[in-house]
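# Sharing a model prediction with you, sequence too.
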Amino acid sequence: MEFIVDNVDKTMDIGVQIGKLANSGDIICLIGDLGTGKTHITKGIAKGLGIDEHITSPTFGIVNEYNGRHKLYHFDVYRVNDPDEIEAIGFDEYIFSDAVSIIEWANYIEELIPVEHLSITIDKLPEIGENYRKITVNFNGNKYDYVKEIKI
């Protein structure tokens, strides 16, 4: 599925819809360049999960934890130089738990991502306008069929 958005509110709205539909144990992979909106999607997902805390990207801490309808683990693996680093923090214990796991820069650790996951790629569209983004949502595994309900 593809969505073209022209502002942060629409980006976050897609996240809110995903968060409202997300289930225990979901793994959501975010891919996109710096400044494309990965953290805004995450803020929306958190809001959809009923999390009222201020969401920030855990760039230096690798993972932040939040409590809502489901626990949320928010990973940022941008600064991970070797997949062994992320494994050392118990990555498998996090993503194979009952929490919803969001992984920013998931393409950096592809070999550690389970086959069954939701993937969201965000691309800038400067040829249309400065704030335009193409959000591509793909899922691997039937448990993520709920994304078919997303509308903007």
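Okay, I see it.
# So which residues of the protein form helices?
Secondary structure of the chain by DSSP state H: the helices cover 8-21, 38-48, 83-88, 91-95.
# which one of these is the most hemmed in?
Highest mean neighbour count of the helices of the chain: helix 38-48, a mean of 24 (counted as mean count of other CB atoms under 10 Å). Just so you know, the C-beta spots here come from the backbone N, C-alpha and C atoms, and that holds for glycine as well.
# could you give me the average pLDDT of that helix?
Averaged across helix 38-48, pLDDT comes to 97.
# which secondary structure elements does it contact?
If you count contacts as 3 or more CB pairs under 8 Å, 6 or more residues apart in numbering; DSSP states H and E, helix 38-48 packs onto helix 8-21, strand 27-32, strand 72-76, strand 100-104, strand 117-124.
# By mean pLDDT, which helix or strand of this protein comes out lowest?
Least confident helix or strand of the chain, by mean pLDDT, DSSP states H and E, is helix 83-88 with a mean of 82.
# wait, doesn't P114 sit right on I95?
Yes. In this structure, P114 is within contact of I95 by CB atoms under 8 Å, at 7.0 Å.
# Give the residues shared as contacts by the two.
Jointly contacting P114 and I95 under the rule CB atoms under 8 Å, 6 or more residues apart in numbering are I27.
# Packing partners of the least confident helix or strand of the chain?
For helix 83-88, there is no helix or strand it packs on, judged by 3+ CB pairs under 8 Å, 6+ apart.
# Kind regards, and thank you for your time.
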